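Student: Make a model of this:
(one chain, ligands or ions: 2)
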Amino acid sequence: MTKPQLLIDTDPGVDDALAILMAHAHADIAGLSIAAGNVGLEHTVRNARTLMDLVGATAPVFGGCPTPLVRAPEEDAAFVHGMDGFGDVGFPEPKVTASDEQAALALLRLTHERPGELTLVALAPLTNVALALRLDPSLPQRVKRLVVMGGAVTGHGNTGNIPAEFNIGFDPEAAHVVFEAFPHFDLVDWEATLRHAFDETEFDGWLAAGDHRAAFFGQVFRTARSFNARSKRRGIIAADALAMAVAIDPSIVTRSEERHAAVELDGRLTRGATVVDWAGRLGHRANTRIVLEVDQARFAAMVRRALGAA
Ligand code: BDR
Ligand code: CA
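Tutor: Ligands and ions are numbered 1, 2, ... in the order given. Coordinates of the predicted model:
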């Protein structure tokens, strides 16, 4: 089987790190376009470079837009991922350098060079992808698939705007642009993430059995893990890793629903919510396959291999 060819838009971030390790283990990475989100862009770019050093990869890293498209963000996620996004471990300056090319321009160039070949995996606020779409609305025609980690399809979000999930809530206007422009995409939402958490003891076994990648992940994960414990979140929650599993192997999905989804841009309490027309009342064509369940054993096997614990 030929390896999936991935373009990854990401804001590393602890679960982004696990997702990128999975991509390295199971796919070819054509490039990493970096967004602001979990923490500021200077940290997310540096973290992507640190990861490329760790795995000895040569995929180019493209810095993107440092702010959401329209409004300043209401919150970042440093309280989960650490002030530097990687658990404040204090890694040395990475050797890999970032490209001078802007992320949105790189998304356009790479998809022109390889039309129909690349799966775009969006693990961050959708600012870079939206900018690319505004520059060139024909982008979706050149992308093989789009997989988005984002949203909370029945309103159980994870931000201060109760129904909003972080990636969509950080830059709702960008998410709106992407949801309107792509005729079809896979949506891996926060609620699916919670249903696919790993057992803590089992996960610790993988960290203990793994190689340098597991040791690294164990370090960066510490801060997020204690936040999750304090928040009474159960199990090891790995949102971006779940989306990456779906990007690498769509056949891992065991239950999904085709629906139309849109993004709330206003709302006194609901800005950034993903609104799904479950009953098809508006008669819009379904723009998304909402992933509800994946084969957990296959997902686990993909993560184990990414940590060198297979
Ligand atoms: C998403 O938000 C970020 O904090 C994570 O990296 C993930 O992409 C989960 O809501
Ligand atoms: Ca992320």
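
Student: Get me the contact residues on this structure for ligand 2.
Tutor: Selection of the chain residues close to ligand 2 by Cβ under 5 Å from the ion yields 11, 13, 16, 123-124, 240. Any C-beta I mention is one placed from the backbone N, CA and C, and that applies to glycine too.

Student: give me that answer again for 8 Å
Tutor: Neighbours of ligand 2 within the chain, by Cβ under 8 Å from the ion: 10-13, 15-16, 19, 37-38, 123-124, 149, 166-167, 239-240.

Student: Just the ones of those residues in helices?
Tutor: Of those, the ones assigned to helices by DSSP state H are 15-16, 19, 166-167, 239-240.

Student: Spatially, which two of the residues you listed are the most separated?
Tutor: Greatest spatial distance among these (Cβ to Cβ): Ala19 and Phe166, at 14.6 Å.

Student: Please give me every residue in contact with Thr288.
Tutor: Neighbouring residues of Thr288 by Cβ atoms under 8 Å, 6 or more residues apart in numbering: 179, 184-187, 258-261.

Student: partner residues bridging it?
Tutor: Beta-bridge partners recorded for Thr288 (DSSP bridges): Phe185, Arg259.

Student: returning to that earlier point: tabulate the contacts of Thr288 in a markdown table, adding columns for pLDDT.
Tutor: Formatted as a markdown table, the contacts of Thr288 follow (pLDDT from 0 to 100):
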| residue | pLDDT |
| --- | --- |
| Phe179 | 98 |
| His184 | 98 |
| Phe185 | 98 |
| Asp186 | 98 |
| Leu187 | 99 |
| Glu258 | 98 |
| Arg259 | 98 |
| His260 | 98 |
| Ala261 | 98 |
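
Student: Identify each buried residue in the host helix or strand of Ile8, please.
Tutor: According to DSSP states H and E, Ile8 maps onto strand 5-10. For strand 5-10, the neighbour count (16 or more other Cβ atoms under 10 Å) marks 6-10 as buried.

Student: Check stretch 46-65 too.
Tutor: For stretch 46-65, burial by neighbour count (16+ other Cβ under 10 Å) applies to 46-52, 54-55, 57, 59-65.

Student: Do any residues in it lie close to ligand 1?
Tutor: No: Stretch 46-65 is not in contact with ligand 1 by Cβ under 6 Å from any ligand atom; minimum separation 11.1 Å.

Student: one step back: from the buried residues of stretch 46-65, which land in helices?
Tutor: Taking DSSP H as the definition of helices, the buried residues of stretch 46-65 contribute 46-52, 54-55.

Student: circling back: who's more crowded, Ala19 and Phe166?
Tutor: The neighbour count for Ala19 versus Phe166, taken as other Cβ atoms under 10 Å, is higher for Ala19 (30 against 25).

Student: Isn't that one up against Ala241?
Tutor: Yes: counting by Cβ atoms under 8 Å, Ala241 is a contact partner of Ala19 at 4.9 Å.

Student: contacting residues around the residue in the stretch 51-200 of the chain that ligand 1 sits nearest to?
Tutor: Taking Cβ to the nearest ligand atom, ligand 1 has its nearest neighbour within the stretch 51-200 of the chain at Phe166, 3.6 Å off. Residues near Phe166 by Cβ under 8 Å, 6+ apart: 37-38, 77, 125, 157-159, 190.

Student: Done for today, thanks.
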